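Novice: Predicted structure and sequence below. I'll ask about it afterward.
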Amino acid sequence: MHIVSLIARPGTLDPALTEALRNAWGGGAVQWLSPDEAAEFPLHALPDTVATARADLAASGADLNILPAANRRKKMLIADMDSTMIEQECIDELAEMAGVGAQVKDITARAMNGELDFEGALRERVALLRGLPEGVIAEVLATRITPMPGGRDLLATMKAHGAYCVLVSGGFTAFTQRIADLLGFDENRANTLLAADGLLTGEVAEPILGRAAKVEALESISAQRGLQHSDVLAVGDGANDLGMLSLAGTGVALHAKPSVQAQCDIRVNNGDLTALLYLQGYARSEFAATGA
């Protein structure tokens, strides 16, 4: 049994379009997880028109995803940080403060799209930050970094149902520690920017946490908690996330780079992070209170 999931921005998912797709595919009854935002229906056999329907729905502002009906609600979340749990790329924001924003942003975009080796690209970008006062990190956190919409709902709801949540980033611990505390992650892993006499040295501690380290984090933490990879939900947007996205039971490409979307079955382009709850079958009425 499969579940057909339709998610759009609030108020934009057309009920008539949803019913038309259900009728065309011979699916079961439509369940609305959030009115005019998220709906789903069961399906016994996949039609040969999935790709066409996905493209048509994308043009109308809706994400179509098909998931196994079994084991939908995951026991562990492993999430990328930059452009996933936050709206920015931290290194790009630091680079703006250092006066090398355009140069670093270009390297970041190419690395996240898989055009450059991640580790080499990170060393190159960090080198351009040499001499930047270490205190700028706190300034960037306070003035330039904003959580991705829906993140607090995602964490609060999954944790309320017993899930363990991990933030794993190719960025920097100075940022992941703050974001992990803000959103409620149980632990975080990232790279460490090196500094001396209050200034960034232009170096990052080795070994660099990249694609392989994200896979290792998923493997080791799930094993420690007695979980199978099928119990894990992973989310990210860049090429260095592809390993963990393919290993997890549910791997979600969130507003991802084109090369990443091409390699992922589950994609969210129109919703925010609450889409990850809808993909697991949570209705909006089941979201945990966040106090925000």
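Specialist: Yep, it's here. Residues are numbered from 1 along each chain as shown.
Novice: Name the residues that touch the longest helix along the chain?
Specialist: If you go by DSSP state H, the chain has its longest helix at helix 211-224. Outside helix 211-224, the residues that touch it by C-beta atoms under 8 Å, 6 or more residues apart in numbering are 76, 78, 80, 118, 164, 166, 168, 170, 187, 189, 207, 228-229, 231-232, 234, 236, 239-244, 247-248. For every residue, glycine as well, the C-beta is placed using N, CA and C.
Novice: That helix: how far from the chain's middle?
Specialist: Between the centre of helix 211-224 and the centre of its host chain there is 16 Å, according to C-alpha atoms, centre = their mean, to the nearest Å.
Novice: Now that helix: buried residues?
Specialist: Buried residues in helix 211-224, defined by neighbour count with 16 or more other C-beta atoms under 10 Å: Arg211, Ala213, Lys214, Val215, Ala217, Leu218, Ile221, Ser222.
Novice: Name all residues that make contact with Ser34.
Specialist: Residues near Ser34 by C-beta under 8 Å, 6+ apart: Pro10, Tyr278, Ala283, Arg284.
Novice: what does Ala288 give?
Specialist: Applying C-beta under 8 Å, 6+ apart, one finds that Ala288 lies in contact with Asp153, Ala156, Thr157, Lys159, Ala160.
Novice: And the host helix or strand of the second one, how far out from the chain middle?
Specialist: Secondary structure assignment for Ala156, by DSSP states H and E: helix 151-160. Between the mean C-alpha location of helix 151-160 and the chain-wide mean there is a distance of 14 Å, by C-alpha atoms, centre = their mean.
Novice: quick one: contacts of that helix?
Specialist: Contacts for helix 151-160 (C-beta under 8 Å, 6+ apart): 74, 77, 85, 165, 183-186, 233, 273-274, 276-277, 282, 286-290, 292.
Novice: mind putting the buried residues of helix 211-224 in JSON lines, pLDDT and distance to Ala127 included?
Specialist: Shown next, in JSON lines, are those (pLDDT from 0 to 100; distance: C-beta to C-beta, whole Å):
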{"residue": "Arg211", "pLDDT": "89", "distance to Ala127": "21"}
{"residue": "Ala213", "pLDDT": "93", "distance to Ala127": "20"}
{"residue": "Lys214", "pLDDT": "95", "distance to Ala127": "23"}
{"residue": "Val215", "pLDDT": "96", "distance to Ala127": "26"}
{"residue": "Ala217", "pLDDT": "96", "distance to Ala127": "26"}
{"residue": "Leu218", "pLDDT": "97", "distance to Ala127": "29"}
{"residue": "Ile221", "pLDDT": "98", "distance to Ala127": "31"}
{"residue": "Ser222", "pLDDT": "98", "distance to Ala127": "35"}
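Novice: Can you say which two of those are spatially most distant?
Specialist: Farthest apart among these by C-beta to C-beta are Arg211 and Ser222. That separation is 17.2 Å.
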